[in-house]
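1. how does the following fold in three dimensions:
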Amino acid sequence: MNMKNIFALAAMALPLFVSAQTEITFDTPDYKSIGVYDTWESSPFRTGALKGNYAVVDNFLADVDEQLGVAPNPSSKILAIQRSRFGSNTFGVRVDLNETFELTPATKYLHVKVYRPYSGRVMVVGLGKRTERLEQSPEAEQFWAMSTMDVGAGKWHDVVLPIKGNGGIEIYSLVVVPDCESPHNYTEDAICYIDDIKVNDNPVSELVYGYYQTSMGANQLYTRNDRHLDVVKLATANGDVQSIAVPSSPKTVYVSMVDKLLHVKPGETVTPSVEYGGSWMHAYAYVDFGNDGKFGALVNDNLSIAKGSDLVSFSFYGGSSNDNGVNSEGSSLTGQSRNTLTMPSFKVPADLPDGVYRMRYKVDWNSIDPAGSVGQTNSILGNGGGIVDVMLNVHGNYCNVNDANRNGEVLSAVDGERLVTYKAPFGEDFRIRMNPENGFEYSGVIVKYGYNLQGDSIVRDNVQWQKVFFERQEFDENDEIVIPAKYMFGDIEVEGLFIEQGTYVKPERFTR
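-> Numbering: from 1, shown residues only. Take a look at the predicted model:
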């Protein structure tokens, strides 16, 4: 089974969750009735001028997904709904429940699998009544929950929406709006499919496509101007501080800066930190030590970081409590002391192989979820938090340098030694000399640098190695050139481009 692109984050990031409190599969009559609903009171579907088209049908969308390697929805039945051009943007299919459930002050999570012909947002409306209001209709709209990012087209997606209320509210029906966009520009109706409606305590989607997921879209802008993540830092024990500034335009909640490297050594103690415009927020740091494309955030019952977790440091976490908690060092925090972004130090595992590892900085409120909190009252979007991904380069004191040449060799200009498992200082300029065989000259050199040089250049969205070309005109009169320090990390392979004497053609124009 190929599971390379689907990750059960719930198993790694959070404790086991209780079973679904409400669950509708459509495989059996596990619902009272089905219809359509529109929150627009003048909708032709409310006045009776039109009837909606919907039906429970055999699941013809149960194929194995090529990317996932499994069938994302193997159930036997699914619910089809015709998204009409004549309804409002909140027109959807109404599912009346066999048993009501209570909308409580504690956040619950509503899951619904949706298959759409085009991308866009999904909404769910809860219809019900307050138990103390005997005269209230059970069709009163009690909650509206909308996805914070577009749901992709042509695939099953498990949309997860946080829901909560003041308590004493019973939900009788759920209206799934598979296409919460204005229909004004639509020229024809479309069919959407729905399945597996659940209400439980699990905030994590059952279907995750791609690597290093976030709870918001890649281009999600900040929803408030008074808070923003500006700089991420990493300090070593000797006081050296590496700093990466976050771009200020466009100001997106998630920023991928995986072209930026922070350098550490195995066994080294380091301290992550952030510069953040705002207060009463918390900071979290993660490192994907397993290079498996996800961050596993695992804590023990006492909220300490569990063995094998990719969560490496946090300034505050209280679990279900916002009032009392600890930092990753185990210090108790309550009251004003919770207003902290200070993350304790952590130790890079001494046995961690040299390589590049995805590192994530996150500013959020009382949430170890590496994707960002989606709580209805404390979401990362609503609170103005942010996420930044960079790369952590774990290395020793030296690079292994080798040449890969015919018709000549590349030597160290320092001592004239051949480049065969040559030890060059890590992160320092390195001078090389070209030495063609008789009858040959050179046109330049290609330097391949990074890790896993014989493997793929990109593994789980992380760049492993790169190449840079140096033209002959950049060499001096002694056939020497300096490989800049920024290329001298990991393993180095130097390929001299040796050609027959007299065949070199000088480029018309050259710039670096």
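2. what's the helix or strand for the residue nearest to Thr100 when sequence neighbours are not counted?
-> Leaving aside its sequence neighbours, Thr100 sits nearest to Glu170 (C-beta to C-beta, 6 or more residues apart in numbering; 4.2 Å). Where C-beta positions appear, they are placed from N, C-alpha and C, glycine not excepted. Glu170 is part of strand 169-177 when elements are defined by DSSP states H and E.
3. Gly290 now?
-> Per DSSP H and E, there is no helix or strand for Gly290.
4. can you count the residues close to it?
-> Neighbour count for Gly290, taken as other C-beta atoms under 10 Å: 13.
5. so for it, what's the pLDDT?
-> Note on Gly290: pLDDT of 94.
6. and the nearest residue to it once chain neighbours are set aside, what does it touch?
-> Take Gly290 and drop its neighbours on the chain: the residue closest to it by C-beta to C-beta, 6+ apart is Asp310, 7.4 Å away. Applying C-beta atoms under 8 Å, 6 or more residues apart in numbering to Asp310 gives the contacts Tyr286, Val287, Asp288, Phe289, Gly290, Lys294, Phe295, Gly296, Ala297, Pro370.
7. next, the third one: phi, psi?
-> Meaning Asp288. Per-residue torsions, Asp288: phi -80, psi 80 (degrees, to the nearest 10).
8. residues near it, how many?
-> Neighbours of Asp288 under the rule other C-beta under 10 Å: 22.
9. can you show me the helices along the chain?
-> Taking DSSP state H, the helices of the chain run over residues 9-13, 44-47.
10. hey, least reliable of those by pLDDT?
-> If those are sorted by mean pLDDT, helix 9-13 sits at the bottom with a mean of 35.
11. outline the domain layout of the protein.
-> Using automatic domain parsing, the domains assigned to the chain come out as 9-200, 228-394, 398-500.
12. on that earlier part again, what number of residues lie near the residue nearest to Thr100?
-> 18.
13. now do the residue nearest to Gly290, the pLDDT please.
-> On the pLDDT scale, Asp310 gets 97.
14. surely Glu23 is in contact with Tyr31?
-> No: judged on C-beta atoms under 8 Å, Glu23 makes no contact with Tyr31 at a distance of 10.2 Å.
15. quick one, which of the two is more surrounded?
-> Neighbours were counted for Glu23 and for Tyr31 using other C-beta under 10 Å; Tyr31 has more, 18 against 13.
16. circling back to that earlier point, the domains of the chain: lowest mean pLDDT?
-> domain 9-200 (a mean of 88).
17. longest strand in this structure, please.
-> strand 91-103 (DSSP state E).
18. residue contacts, Gly128?
-> Thr100, Leu103, Pro138, Ala140, Gln142, Ile169, Glu170, Ile171, Tyr172, Ser173.
19. mind checking how far it is from Phe143?
-> Plainly put, Gly128 is 9 Å away from Phe143 if you go by C-beta to C-beta, to the nearest Å.
20. need the residues touching each of these two.
-> Leu103, Ile171.
21. residue closest to the middle of this protein?
-> Gln213 (2.2 Å; C-alpha atoms, centre = their mean).
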